[in-house]
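Enquirer: following is a predicted model, sequence given first.
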Amino acid sequence: MSRSIAGRFRARPHSNPLSDQKLDYPLSPQAMNWKTVFTASQLEHPVPEWLDLGCGYGGLLEALGPRFPQTHIIGIEIRPKVVDYVRDRVERLRTGAILPAQYTLPDPSAPAEQPKPAAAAKAQGKRYQRIQQDPNHRRAALPVPADLTPPPPPPLPAPMGTPILVGNPPAPYRWDNIAAIHSNGMKYLPNFFAKGSLSKVFVLFPDPHWKRHNLRRRIISPALLMEYAYVMREGGLMYTITDVDELHVWMDRCLAEHPLFERVPQQELEQDPCYALIWHSTADAERAVRKCLNKYPAVYRRVAPGQKAVSIPPTGIWASEVMQEAVLDEGDEDD
Ligand SMILES: C[S@@+](CC[C@H](N)C(=O)[O-])C[C@H]1O[C@@H](n2cnc3c(N)ncnc32)[C@H](O)[C@@H]1O
C-alpha cells in the first residue's frame, strides 16, 4: 500500500462484530441487486459464488479475480474505510492506473518460511510472551497440542501475465468479477446469500480475539458454522488459515466436530490453486512471513446431512464452560 493511500484509508485496527453498527442489508437474497455491487459485470444478474469473509485490503480478491474470471467473488468487510480502499483499488486496476500485486520471491537473506512446531514458534513470539504476562488474559478455549506443526507452505503462485478471456473474440480481463461490500459477516449472511448458493468461503487470518470473554467474537464458532453451512452448497469448500496456533486449534475443532463439514485431505489441497493463494496473497499472509510466524491452514468440505464419513466425537466446545463463560460475560473490552 503506498503511503498516500494508506493515509487516506487508514482505519481502526478492529471493529466490534457484536456492536449494532448501522448497516444496510437486503431483507432477503431475492431483494439483493448484485448489479449495484459488480457494476462493471457483463452479466445481468452477477450473483457471487465465492465469499471472502473479512476480506481486509482485498489481496485474496485481487489474486483470485483474474485467475477465475468467470466466477463472481465478493469480499465482506466490517471496516468501512477498508472497503473504500478495496473499491478504489479495483477501480484503478480496471482503468489500468495500477498493476495487480505479484508474488515475488522472498529476499534470500530473509529467514525462510519454514514451519516449526507450535511450541517452538510460540516461545519465540513476543506477542505470546506479552499475552502470557497479562493478568487479565485467561488462556482461552482449547490447549494447543505440543506436536502441532503446520504443513509446509505450497509454492508461490506463478506470476501472471495479462489475463485474456477465452471466447470469440478473446477479450482482455476487466476486473469486473470482484467487489467488496461493507457489512458484518457474522450477522447478515443469510440476508445476502440464498441457501446453498456459495461454493467457496474463505476466512483468512481472522481476528484472534484472544481473551476468553471475547471468544464469542470469533468469526468461526459452532453457531456461526450453522449459518455458513446454510449458505454453502454441498461439496463447497471453506478455507481457513491463521498465524495463531490457538485460534487454528479452535477453528479446526469447530469444523471437525460439525456434522456438515468434513476435512479435505492434504493431497487434494496440493492440487488446488486456491490453497496456494490463501498462504500467500493477503496483507496478513505477508505480515506473517515478515514476522516469521507459522501459518496454520484448515480446509473443510460442506457435506450433505448424514454424509460425513468420520464422525469426530464432540468435545462439546459450545457447551463447554469456556464458551458459556464467554457468552455470559458482559465485558466489552476489545483485544
Ligand atoms: C486480521 S484481518 C485479515 C484480513 C485479510 N483476510 C487478510 O488476510 O489480510 C481480519 C479482517 O476481518 C474483518 N472482520 C472482522 N470481523 C468481521 C465481520 N464480522 N464481518 C466482516 N469483516 C470482519 C476485520 O475488519 C479485518 O479486516
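Expert: Great, that's in hand. Numbering: from 1, shown residues only.
Enquirer: what about the closest residue to Lys35 other than its chain neighbours, neighbour count?
Expert: Among residues not flanking Lys35 along the chain, Pro46 sits closest, at 6.3 Å (Cβ to Cβ, 6 or more residues apart in numbering). Any C-beta I mention is one placed from the backbone N, CA and C, and that applies to glycine too. Pro46 is flanked by 20 other residues according to other Cβ atoms under 10 Å.
Enquirer: test my guess that Pro46 contacts Phe38.
Expert: Yes: using Cβ atoms under 8 Å, Pro46 makes contact with Phe38 at a distance of 4.1 Å.
Enquirer: need the overlap of contacts for the two.
Expert: The contact sets of Pro46 and Phe38 overlap at His72, Asn177 (Cβ atoms under 8 Å, 6 or more residues apart in numbering).
Enquirer: am I right that Leu277 sits in a helix?
Expert: Yes: remark: Leu277 belongs to a helix, assigned using DSSP: H, G, I helix; E, B strand; the rest coil.
Enquirer: what is the neighbour count of it?
Expert: 23.
Enquirer: what's the closest non-adjacent residue to it?
Expert: Ala63 (4.8 Å).
Enquirer: contact partners for the one you found?
Expert: Ala101, Pro157, Leu277, His280, Ser281.
Enquirer: among those residues, which are in strands?
Expert: Judged by DSSP state E, strands contain none of these.
Enquirer: need those in a markdown table with distance to Gln271 and pLDDT, can you?
Expert: Listed next are those as a markdown table, based on distance: Cβ to Cβ, whole Å; pLDDT from 0 to 100:
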| residue | distance to Gln271 | pLDDT |
| --- | --- | --- |
| Ala101 | 24 | 79 |
| Pro157 | 14 | 76 |
| Leu277 | 13 | 94 |
| His280 | 17 | 91 |
| Ser281 | 18 | 93 |
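Enquirer: as a markdown table, those residues with distance to the ligand would be great.
Expert: Compiled in a markdown table, the contacts of Ala63 are given as follows (distance: Cβ to the nearest ligand atom, whole Å):
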| residue | distance to the ligand |
| --- | --- |
| Ala101 | 12 |
| Pro157 | 15 |
| Leu277 | 11 |
| His280 | 11 |
| Ser281 | 8 |
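Enquirer: of those residues, closest to Pro29?
Expert: Leu277 (26.6 Å; Cβ to Cβ).
Enquirer: that closest one against Leu64, yeah?
Expert: Yes: the criterion here is Cβ under 8 Å, and Leu277 meets it with Leu64 at 6.5 Å.
Enquirer: near the residue nearest to Leu247 when sequence neighbours are not counted, how many other residues are there?
Expert: Counting by Cβ to Cβ, 6+ apart, Pro208 is the residue found nearest to Leu247 once chain neighbours are left out, at 4.8 Å. Pro208 has 20 neighbouring residues, counting by other Cβ under 10 Å.
Enquirer: try Ala158
Expert: 11.
Enquirer: show the pLDDT at it.
Expert: We have a pLDDT of 72 for Ala158.
Enquirer: relative to Thr240, how far out is Pro17?
Expert: The gap separating Pro17 from Thr240 is 16 Å, by Cβ to Cβ, to the nearest Å.
Enquirer: ignore what I typed, I meant Gly58.
Expert: From Gly58 to Thr240 the distance is 18 Å (Cβ to Cβ).
Enquirer: what does the chain put close to the ligand?
Expert: 15, 17, 54-56, 59, 76-79, 82, 184-186, 204-207, 219, 282-285 (Cβ under 6 Å from any ligand atom).
Enquirer: straight-line length of stretch 284-300, end to end?
Expert: End-to-end distance for stretch 284-300, by Cα to Cα, to the nearest Å: 21 Å.
Enquirer: can you verify Gly65 is assigned to a strand?
Expert: No: secondary structure assignment (three-state DSSP) places Gly65 in helix, not in a strand.
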